[in-house]
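Participant: Please find the sequence and the predicted model below.
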Amino acid sequence: MEVPRFAGPETFARLPRLDDVGSSAVAVLGIPFDSGVSYRPGARFGPGGVRAGSKLLRPYHPFLDIEPWTVHQVADAGDVACNPFDIGQAVDQVQRAATQVLQRSQYVVAVGGDHTMSLPLLRATAAQHGPVALVHFDAHLDTWDTYFGAPYTHGTPFRRAVEEGVLDLGCSAHVGTRGPLYSTDDLHADAELGFATVTTMDVARRGVDDAVGRIRERVGDRPVYVSVDIDVLDPAHAPGTGTPEPGGLTSRELQMILRGMAGMRLVGADVVEVAPAYDHAELTTIAAANVVYELLGLLADPKPPS
């Protein structure tokens, strides 16, 4: 190491830029957009915060026994230019940018930004792989119909994805949901869409291995997209987010569940809703950077857990 870890390029984990290497197996793509939020804004600064929180990441992942960016090329594709005043246009811009990056990279791991942007990312991923299984880590369902009549928000991406046929619902699941809802209709409507659910209370009562087993059984050998809203973590572990909910997963539980997914057919992922203005001591940005690291480890094709 010639340059100390706190210095060097402002890319994710100090990786090369995609424009400098031409192509890559995996591209980390920033989406600085938060005009779809319903409560606290600030996730537009998430990509920069997560890159800053990634400086301590090291090449070797001892638990997966793999070097995520040595076994193949991983690069930082920079940020998507999103219109902060027009959600529809921004959705189109993200879909177009993800599609273009996927022409030069096999997989995209996106860093948000608010959860609205999972919809265009799923569209771009499904265009390559067909309908994908979704493993959705979040305190919230994000399958509401509209907010104030608006169909494209951070609380509606997966209902739109179901309507558009980009998800394989028989193989999809929420993980880590908790907290109050508007009514029981929220749960009924989500179940009618076809999602399975592993709640935070399920993880607390039955343990991580049970959660991993249910996820693996649900997804099987289908191509799977993983979406991680950082508010799946308890605010003690990730205070820097827009809609915090007490009683969440610990950062260790999330790491263990993700590591339990080794060997599954991951074809894309995002980590969203990091709002650095509400963070302190870099708790959230470092946690989010490590979630991206876990996803890069899964994309490096480690052996499934024994």
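Facilitator: Thanks, I have it.

Participant: lowest confidence element among the helices and strands of this structure?
Facilitator: helix 184-193 (a mean of 93; mean pLDDT, DSSP states H and E).

Participant: hmm, who's touching whatever helix or strand comes next after it?
Facilitator: Per DSSP states H and E, the first helix or strand lying C-terminal to helix 184-193 is strand 196-199. For strand 196-199, contacts defined as CB atoms under 8 Å, 6 or more residues apart in numbering pick out 172-178, 190, 211, 214-215, 218. C-betas here are computed from N, CA, C, even on glycine.

Participant: what are the pairing partners of strand 196-199, and which direction each?
Facilitator: Within its sheet, strand 196-199 is paired with strand 173-177 (parallel), according to DSSP bridges.

Participant: Determine how far the partner strand lies from the middle of the whole chain.
Facilitator: Its chain's C-alpha centre and that of strand 173-177 lie 13 Å apart, by CA atoms, centre = their mean, to the nearest Å.

Participant: before we move on, back to that, in CSV, list the contacts of strand 196-199 along with neighbour count and distance to residue 127.
Facilitator: Below are these laid out as CSV (neighbours: other CB atoms under 10 Å; distance: CB to CB, whole Å):
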residue, neighbour count, distance to residue 127
172, 25, 18
173, 21, 23
174, 24, 24
175, 26, 25
176, 30, 28
177, 25, 28
178, 21, 33
190, 21, 25
211, 23, 30
214, 17, 29
215, 22, 25
218, 19, 23
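
Participant: Mind picking the lowest-pLDDT entry from those residues?
Facilitator: Least confident by pLDDT among the contacts of strand 196-199: that is residue 190, with 94.

Participant: do you know how far that residue is from residue 226?
Facilitator: Separation of residue 190 from residue 226 (CB to CB, to the nearest Å): 19 Å.

Participant: Tell me which residues touch the closest residue in space to residue 232 that isn't next to it in sequence, please.
Facilitator: Nearest non-adjacent residue to residue 232, counting by CB to CB, 6 or more residues apart in numbering: residue 176, 3.8 Å away. Applying CB under 8 Å, 6+ apart to residue 176 gives the contacts 137-139, 198-200, 203, 232, 248-249, 254.

Participant: Would you mind listing where the stretch 1-150 of the chain has pLDDT under the threshold?
Facilitator: 1 (pLDDT under 70).

Participant: mind checking how far stretch 205-213 is from the chain centre?
Facilitator: 20 Å.

Participant: Next: stretch 193-209.
Facilitator: 18 Å.

Participant: Tell me the buried residues in that stretch?
Facilitator: 193, 195-198, 200, 202-203, 208 (16 or more other CB atoms under 10 Å).

Participant: Now the nearest residue to residue 268 once chain neighbours are set aside: which helix or strand?
Facilitator: Nearest non-adjacent residue to residue 268, counting by CB to CB, 6+ apart: residue 125, 4.1 Å away. Here residue 125, judged by DSSP H and E, is contained in helix 118-129.

Participant: next one: residue 239
Facilitator: Here residue 239 is assigned to no helix or strand, by DSSP H and E.

Participant: from what I can see residue 267 touches residue 126, true?
Facilitator: No - at 9.3 Å, residue 267 and residue 126 do not qualify as touching, with contact defined as CB atoms under 8 Å.

Participant: Identify the contacts common to those two.
Facilitator: With CB under 8 Å, 6+ apart as the test, residue 267 and residue 126 both reach residue 132.
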